[in-house]
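Asks: build the 3D model from these lines:
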Amino acid sequence: DVISLHLPLTPETENFIGAAELAKMKPDAILINTARGGLIDENALLDALEAGRLCGAGIDAFSSEPPKDPRWFTLDNVVLGSHCAASTAGASRNMGRMATANLIHDLGTSGNKATLFSDEGKMITSEVFRYDCHYFNTNWAEQDPEDFWKAICVTSRNLIDKARIDPGDIAAVSFSGQMMGCLCVDKQGNPLRPSIIWADQRAQAQAAALGEQISLRDFYHIAGHRNSASYGLQKLMWVRDNEPGVYAKTYKALNAKDFIVLRLTGKFYTEPSDATSNACIDLNTLQWSDKIVNASGIDGDKLPEIVPSTTVAGEVTPWAAGQTGLKAGTPVVMGGGDGLCSNVGAGSISPGRTFSCIGTSAWVATTSEKPLFDEEMRTFTWAHIVPGLYSPTGTMQAGGSSYNWLKGQVAKYETAVAKVQGISPYD
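Replies: Next comes the predicted model:
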């Protein structure tokens with residue numbers, strides 16, 4: 001699996017590893033040389049790496065320093081060590097390939113939490129960019145989609161600077177995001193109004209009208225959720241009924257992370273977990289339910305295409321690269337709704353693995369191989385971000401947000417003291 005050389009360089013050991021020896025190695029083997037330059041036939045090694053006949057190589061010594069063949073600095077399956085790095089800036093950048101980063105954005109209600117992870121899953125650095133949520137008219141809640149985009153741009157640039165990495169060292173960008181929203185965009189991807197977020201309950205009349213067309217039990221056994229004003233479909237119905245001009249211009253209704261995928265790639269997609277949060281998906285097919293969509297009277301073409309959560313939606317466009325500091329061409333992976341991403345983070349990725357999470361909202365969730373329906377309709381089922389799995393869930397919409405409200409009401413003195421001391425008021 002791993003061949004590591006620890007030999008002195010002598011006439012007998014020169015080119016000790018040549019084409020014939022490389023041909024005997026397993027395709028998934030890794031060759032490491034931190035001993036002496038000249039022990040390996042470097043051209044034969046490069047040919048094997050380039051052709052995929054060898055998984056990778058870690059090289060710290062060459063027959064000539066710096067190495068002359070430019071492939072040493074362009075192949076993704078090569079790591080160059082400190083000796084070579086000291087001799088050339090190009091090699092120094094290539095050292096970062098050992099810890100190629102993945103950039104993850106979590107677009108929550110209170111802000112965007114951006115984190116760089118290594119390929120081994122270790123956190124490199126992170127940053128939070130906070131933005132406002134506007135609560136009004138008793139039960140309305142909206143956010144500015146441009147705040148989401150600004151948060152992505154600022155945190156992406158800051159993390160690249162903090163980690164001192166080349167943007168080309170970021171292997172992929174992906175997302176976790178708030179769910180159950182309605183973010184209307186035109187055909188050019190421009191927001192037409194503020195995003196109606198998950199906490200908004202204005203669509204009571206629309207939920208009632210939908211309930212006249214399809215029974216609560218039928219709705220629940222198709223979508224895995226009860227018909228209510230909480231979901232994206234009912235909010236889009238509200239836009240249709242109350243802002244017909246906006247509805248007419250709406251090309252697609254998205255969730256927060258889907259809007260950022262659109263900004264980065266130009267692609268109008270969603271994936272099963274966020275599609276579930278629209279409450280018009282058929283959990284059996286993981287496609288939009290004709291029965292529910294037709295009952296709502298919504299134009300089904302205004303719903304984005306559903307692709308698997310693991311789909312590479314596209315690549316960072318040159319325009320988006322200029323805005324974010326990312327490298328044009330960086331793969332953008334769909335990701336999932338924040339509730340389902342927490343399943344993965346908690347290790348709930350196989351049937352029966354159960355966990356509890358308290359964020360702005362709170363829930364208890366498990367993982368199953370098929371939707372689980374409660375006869376009293378007290379639980380919900382989401383499409384998991386792991387293809388082929390589901391997540392039955394019990395939830396409440398005011399968990400951490402209630403805690404934060406309580407802090408503002410009864411802990412004003414402690415909050416002020418904490419601010420002076422530079423600590424969290426929750427400590």
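Asks: distance between the ends of stretch 14-30?
Replies: Terminal residues of stretch 14-30 are spaced 20 Å apart (Cα to Cα, to the nearest Å).
Asks: same check, this time on stretch 269-289
Replies: End-to-end for stretch 269-289, by Cα to Cα: 17 Å.
Asks: what about it, average pLDDT?
Replies: Averaged across stretch 269-289, pLDDT comes to 97.
Asks: from the middle of its chain, how far away would that stretch be?
Replies: 18 Å (Cα atoms, centre = their mean, to the nearest Å).
Asks: where does Leu103 land on pLDDT?
Replies: 97.
Asks: and the strand or helix carrying it, how far from the chain's centre?
Replies: Here Leu103 sits within strand 101-107, counting by DSSP states H and E. The chain centroid and the centroid of strand 101-107 are separated by 6 Å under Cα atoms, centre = their mean.
Asks: same deal with stretch 238-258?
Replies: 24 Å.
Asks: quick check: end-to-end length of that stretch?
Replies: End-to-end distance (Cα to Cα), stretch 238-258: 21 Å.
Asks: ranges for the strands of the stretch 51-200 of the chain?
Replies: 56-59, 78-80, 101-107, 111-118, 123-130, 134-136, 140-143, 170-177, 183-185, 195-196 (DSSP state E, counting those that start in this stretch).
Asks: quick one on the thing from earlier: just the C-alphas of the strand holding Leu103, formatted as PDB.
Replies: Output of strand 101-107 as PDB, limited to C-alpha atoms (Å, rounded to 0.1, in the frame of the first residue of the first chain):
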ATOM      1  CA  ALA A 101      -9.400  22.200   1.600                       C
ATOM      2  CA  ASN A 102     -13.100  21.900   1.300                       C
ATOM      3  CA  LEU A 103     -15.100  25.100   1.900                       C
ATOM      4  CA  ILE A 104     -18.500  24.700   3.600                       C
ATOM      5  CA  HIS A 105     -21.000  27.400   4.100                       C
ATOM      6  CA  ASP A 106     -23.900  27.000   6.600                       C
ATOM      7  CA  LEU A 107     -26.500  29.700   5.700                       C
END
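Asks: output the strands of the stretch 51-200 of the chain in CSV, with mean neighbour count and distance to Asp374 appended to each entry.
Replies: Glycine gets a C-beta too; all of them are placed from N, C-alpha and C. As requested, the strands of the stretch 51-200 of the chain are exported to CSV (neighbours: other Cβ atoms under 10 Å; distance: least, Cβ to Cβ, whole Å):
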stretch, mean neighbour count, distance to Asp374
strand 56-59, 20, 49
strand 78-80, 23, 52
strand 101-107, 23, 29
strand 111-118, 20, 32
strand 123-130, 15, 36
strand 134-136, 11, 31
strand 140-143, 20, 27
strand 170-177, 23, 26
strand 183-185, 25, 30
strand 195-196, 26, 28
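Asks: partners of the strand holding Leu103 in the sheet?
Replies: Here strand 101-107 has these sheet partners by DSSP bridges: strand 111-118 (antiparallel), strand 170-177 (parallel).
Asks: any residues touching that strand, and which ones?
Replies: By Cβ atoms under 8 Å, 6 or more residues apart in numbering, the surrounding residues in contact with strand 101-107 are 112-119, 124, 148, 151-152, 155-156, 159, 163, 165, 169-178, 256-257, 260, 326, 335, 338, 341.
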